[in-house]
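[1] Okay, predicted coordinates and the sequence, questions at the end:
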Amino acid sequence: MKVGVVTFPGSLDDVDARRAVRVAGGEPVALWHGDHSLAAVDAVVLPGGFSYGDYLRCGAIARFAPVMQEVVSAAAGGLPVLGICNGFQILCEAHLLPGALIRNDHRKFVCRDQRLRIENNRTSWTSSYDEGAEITVPLKNGEGGFVADTATVDRLEGEGRVVARYLDVNPNGSLRDIAGITNEHGNVVGLMPHPEHAVEELCGSGTDGLGFFTSVLQAVVSA
Amino acid sequence: MPRVVVHVMPKREILDPQGKAIHQALPRLGVTSVTDVRQGKRFELMVEGELTEARLAEIDDLAEKLLSNPVIEDYSVSVVDSVETSGTP
């Protein structure tokens, strides 16, 4: 069970994402932004960080990286893709997910353990959770405010495509407390918080994030 | 060599935290008459050869796909010292 993790220039959390895949029982495969092939992986994670220095807009330049052309076409064919934080921004820029992420409304970088509710456990990345499960994982972003026009947000809500919602506080001004969304088929998920940082007790953030990675391993087996 | 300028601005309905921060600093300079500030971007593109319709269309496409994100931003394209053309809105 191979899960590719793409490293862009400026990625930060690629190593943690690969580690999370291993802890969940999968085989992590390092992919490079300049790759023209996905090395026959069964799923792809676009990790957090500051790809290309966040120049222009977060994710705007990464979207045109050679590996992203492969990711976009494979996602259309049903390949599970998880974008975390900067990866979420890249998925929006690549139009694999609707909306955009803008600077936090309070203008400060936020770093906290964030409570979330899993609202859709029918995606490739959330099937290990019970619907309505409340989990805590680290959140760290400067530009994590999810925005889209009202019709788009209404459609996401109506189709059950809000995957996770912030609880207790809205940390970045995201519309309707949206922390993560999915595409129509449930194989592409974008998430602002960082489940890959909460997979081992050793790190002090609990293990609530592990479910994202065990979910995809199950999804690949049953596919 | 013709120069093409692309302006990108956050859409009216999108919150602009940077513009807001700048606006809040204005009273420190004694300026109270400015009611709002929005921050955008200006790109200057140097183009080789003649600026044909096809090249301008190429730049418009670039402005829409890369220089701006149509979900949150509007852009306009103008040729410096020459004809003007604009994209959305």
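    Happy to help now that I have it. Keep in mind the model is a prediction, meaning the values are calculated, not measured. Numbers count the residues shown, from 1 in each chain, chains lettered A, B, ... in the order given.
[2] same for the worst-scoring helix or strand of chain A on mean pLDDT, what does it pack against?
    The helix or strand of chain A with the poorest confidence is helix A:210-222; it has a mean of 92 (mean pLDDT, DSSP states H and E). Judged by 3 or more CB pairs under 8 Å, 6 or more residues apart in numbering or on different chains; DSSP states H and E, helix A:210-222 is in contact with strand A:2-7, helix A:14-24, strand A:43-46. All C-beta atoms are positioned from the backbone trio N, CA, C, and that covers glycine.
[3] mind checking how far it is from the chain centre?
    14 Å (CA atoms, centre = their mean, to the nearest Å).
[4] just to revisit the earlier point, columns mean neighbour count on top of the helices and strands packed on helix A:210-222, output as a markdown table?
    Formatted as a markdown table, the helices and strands packed on helix A:210-222 follow (neighbours: other CB atoms under 10 Å in any protein chain shown):
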| stretch | mean neighbour count |
| --- | --- |
| strand A:2-7 | 25 |
| helix A:14-24 | 22 |
| strand A:43-46 | 30 |
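[5] among the ones you listed, which is nearest chain B?
    Chain B sits nearest to strand A:43-46 of all the helices and strands packed on helix A:210-222, at 17.1 Å, using CB to the nearest CB.
[6] Neighbouring strands - and their directions - for that closest one?
    Applying DSSP bridges, strand A:43-46 is found paired with strand A:2-7 (parallel), strand A:81-84 (parallel).
[7] Redo those as a markdown table? Include mean pLDDT.
    Output for those, formatted as a markdown table (pLDDT from 0 to 100):
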| stretch | mean pLDDT |
| --- | --- |
| strand A:2-7 | 98 |
| strand A:81-84 | 98 |
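[8] List the buried residues of the least confident helix or strand of chain A.
    A:210, A:211, A:212, A:213, A:214, A:215, A:216, A:217, A:219, A:220 (16 or more other CB atoms under 10 Å in any protein chain shown).
[9] nearest to chain B, of those residues?
    Closest to chain B out of those is residue A:212 (25.2 Å), distances taken as CB to the nearest CB.
[10] from what I can see the closest one touches residue A:123, true?
    No. Residue A:212 lies out of contact with residue A:123 (CB atoms under 8 Å); the separation is 9.5 Å.
[11] Which residues of chain B lie near chain A?
    B:13, B:14, B:15, B:17, B:18, B:20, B:21, B:66, B:67, B:69, B:71, B:72 (CB under 8 Å from any CB of the partner chain).
[12] Restricted to buried residues, select these in PyMOL.
    Buried residues within those, by 16+ other CB under 10 Å, are selected in PyMOL with:
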select buried, chain B and resi 14+15+17+18+20+66+67+69+71+72
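[13] Report pLDDT for the residue of chain B most remote from its centre.
    Distance from the C-alpha centroid of chain B, by CA atoms, centre = their mean, peaks at residue B:30 (28.0 Å). Predicted confidence (pLDDT) for residue B:30: 97.
[14] Where do the strands of chain A begin and end?
    A:2-7, A:27-32, A:43-46, A:81-84, A:100-102, A:110-118, A:134-141, A:145-147, A:162-166, A:178-182, A:188-191 (DSSP state E).
[15] Which one of those strands lies nearest to residue A:202?
    Of all the strands of chain A, it is strand A:134-141 that lies closest to residue A:202, at 14.1 Å by CB to CB.
[16] Who are the packing partners of that closest one?
    Short answer (3+ CB pairs under 8 Å, 6+ apart): strand A:134-141 packs on strand A:110-118.
[17] Are the strand it packs on and chain B in contact anywhere?
    No. Under the criterion of CB under 8 Å from any CB, chain B is not reached by strand A:110-118; the shortest gap measures 12.8 Å.
[18] Now do the buried residues in that strand.
    Buried residues in strand A:110-118, defined by neighbour count with 16+ other CB under 10 Å: A:110, A:114, A:115, A:116, A:117, A:118.
[19] In the chain, where is pLDDT below threshold?
    In the absence of a named chain, chain A is used. By pLDDT under 70, the low-scoring segments of chain A are A:223.
[20] oops, chain B please
    For chain B, the stretches flagged by pLDDT under 70 are B:82-89.
[21] Could you rerun that using 80?
    Scanning chain B for pLDDT under 80 picks out the ranges B:81-89.
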